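Colleague: sharing a sequence plus its predicted fold:
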Amino acid sequence: MTSDEFEILAAKVLGRDATAAEVALLEKVLESEPARQTEFLQLQSTWNQLREVLAPDVPKVAPPRPHHLQSWREAVEAAIPARPSNQPAPVAPVEPVETPSSWSGWPVWLGLAAVILALFLFAPALLQNSHNAPGAERVPAGYILAATPGLEVLRDGAPSAGPVPIVLRASDRVRLASSSAVKVLTSTGEVSLRGPGILAMPRLNNGAVPAGPANQYQQLLQIALFQPIGHLPTVFSRTRGVRGLAIYSPSGFTENLQPLILWRGTPERTYDLEIVDQFAITSVPFRITNTLMPVAFATAWPGRSLKADTLYRLRIAEPGSATASAEITFRTLASANDEGSSVKVGTVASAYQMLLEGRIGDALAILVMSPRELAETEFVLRLKIFAFGQVGYQEDFDRALAQVSRAK
């Protein structure tokens, strides 16, 4: 099934115009193609957001579950009042416009598909005002990742002394002294500012330079950074309810040939580690026993490094325990080198860039090891939410989500 066919099918189900056969087809696609589940959850989240804005009196529909799509569709039907079949669904009051006659024969679901897909692309801009209305959750409008002399953020007319990374709200203004410069990360791209001057957030968003066409993975990262916290559990599907041991780094792809080995375990307990080259099973593995966490690769195996462009299997186990163990495969990139060693301290800005590149383990090595005052900032917590949502660690995801909620 092509992307266009899937989006049209999903739109028909969300719009209550799908037949029983089409609902069954979507269920089959979601079960056989896990990547489609995330895409469908995004569409469903946007659908709920639209209904919150345009029909706040309608109860919110429960998040869908791939194996119970029909029951979720029935919940949508029950939540939205029935309408005569010859009347269009109420969307929003608009000025009357002349409709081209050539459109009159289009199926309702095709128009709905176009609306949903457009909203999926532009939802952050359309919903920004509603998210920051009185009584609504105040979502970030931007982030300043590095402090600079002569920078001042004005909130409610007064200087705001927040920690770096600085979270900007929609009503904030950024003031820069002469010769000062700063970069602002917004939901629409990155903005470079140079003083002197004062600029309001809406103008910053309008002047943002997009980094280029974003893939679905990068779109999810933007959702994690700029959407209301309450929407994120619907968007990110945590598939692994891992308790006890969970490996953070290395995982996925790494650009470090001497990566920091980091996992969630019990402090002061010792663990056995083994790293095996999956392209050369008979080669001598990297082994260390009775070690505390985390493990600096260069300290554990002095003078040795992993090989670039190679697949490895990492196993961590607590001695004497039949259940306290975890195993993961990761791959070193062809561009990997020893410069990103386990003792090198990265910045949250570099962690953000790593996540954009899909290097989740490298990013988590920085985020999890950040000092407390930095680890509790909203930007770092939202990056953790994204990273843990991608690897499926529900316990860590829920903890970071709760920390952001408490901080608001």
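Modeller: All right, it came through fine. Keep in mind it's a predicted model, so treat the numbers as computed, not measured.

Colleague: I figured L383 hits A363, correct?
Modeller: Yes - with contact defined as C-beta atoms under 8 Å, L383 reaches A363; the gap is 7.0 Å. C-beta: built from backbone N, CA, C; applies to glycine.

Colleague: neighbour count winner among these two?
Modeller: A363 (29 against 26; other C-beta atoms under 10 Å).

Colleague: now do the contacts for W301.
Modeller: Listed by C-beta atoms under 8 Å, 6 or more residues apart in numbering, the contact partners of W301 are 286, 288.

Colleague: against A375, how distant is it?
Modeller: W301 sits 28 Å away from A375, going by C-beta to C-beta, to the nearest Å.

Colleague: can you check N290 too?
Modeller: According to C-beta to C-beta, N290 and A375 sit 28 Å apart.

Colleague: which neighbours do L383 and A363 have in common?
Modeller: Joint contacts of L383 and A363 (C-beta under 8 Å, 6+ apart) are 351-352, 355.

Colleague: out of those residues, which are inside helices?
Modeller: 351-352, 355 (DSSP state H).

Colleague: which single one of the residues you listed is nearest to A170?
Modeller: Y352 (20.9 Å; C-beta to C-beta).

Colleague: how far away is that closest one from G265?
Modeller: 26 Å.

Colleague: so between those two, which is more surrounded?
Modeller: Per other C-beta under 10 Å, whichever of Y352 and G265 has more neighbours is Y352, with 23 against 20.

Colleague: which strand or helix spans V276?
Modeller: Using DSSP states H and E, V276 sits within strand 271-277.

Colleague: which residues sit against that strand?
Modeller: Contacts of strand 271-277 (C-beta under 8 Å, 6+ apart): 261, 263, 265, 283, 285-293, 295, 300, 306-307, 310-319.

Colleague: picking up where we left off before, can you lay out the ones in helices among the shared contacts of L383 and A363 as JSON lines showing distance to E255?
Modeller: Converted to JSON lines, those look like this (distance: C-beta to C-beta, whole Å):
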{"residue": "A351", "distance to E255": "13"}
{"residue": "Y352", "distance to E255": "15"}
{"residue": "L355", "distance to E255": "13"}
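
Colleague: got the domain ranges for this protein?
Modeller: Taking automatic domain parsing as the reference, the chain has its domains at 3-92+104-131, 142-212, 246-369.

Colleague: quick one: average confidence on the shortest one?
Modeller: Here domain 142-212 scores 84 as its mean pLDDT.

Colleague: now the longest one
Modeller: Over the span of domain 246-369, the pLDDT mean works out to 91.

Colleague: show me what S249 is bridged to.
Modeller: L262 (DSSP bridges).

Colleague: make sure Y312 is actually in contact with T329.
Modeller: Yes - judged on C-beta under 8 Å, Y312 makes contact with T329 at a distance of 6.8 Å.

Colleague: what sits in contact with each of those two?
Modeller: Taking C-beta under 8 Å, 6+ apart as the criterion, Y312 and T329 both touch Q278.

Colleague: where along this structure do the helices fall?
Modeller: 3-14, 20-32, 34-54, 69-79, 108-131, 201-206, 216-226, 232-235, 297-300, 348-356, 360-368, 372-375, 378-391, 394-407.

Colleague: follow-up on the earlier one: ok, so of the shared contacts of L383 and A363, who is nearest G189?
Modeller: For the shared contacts of L383 and A363, the nearest to G189 is Y352 (13.5 Å; C-beta to C-beta).

Colleague: show me what contacts the closest one?
Modeller: Counting by C-beta under 8 Å, 6+ apart, Y352 has contacts 145, 185, 363, 383.

Colleague: nearest to P250, of those?
Modeller: Using C-beta to C-beta, those come closest to P250 at A363, 11.0 Å.

Colleague: how much space separates that closest one from E376?
Modeller: For A363, the distance to E376 - C-beta to C-beta - is 17 Å.

Colleague: what distance do you get for A402 to I229?
Modeller: Look at A402 and I229: by C-beta to C-beta, they are 10 Å apart.

Colleague: who has more neighbours, these two?
Modeller: Higher neighbour count among A402 and I229: I229, with 20 against 12, using other C-beta under 10 Å.

Colleague: thought S405 was touching that one, still the case?
Modeller: Yes - I229 lies in contact with S405 (C-beta under 8 Å); the separation is 5.8 Å.
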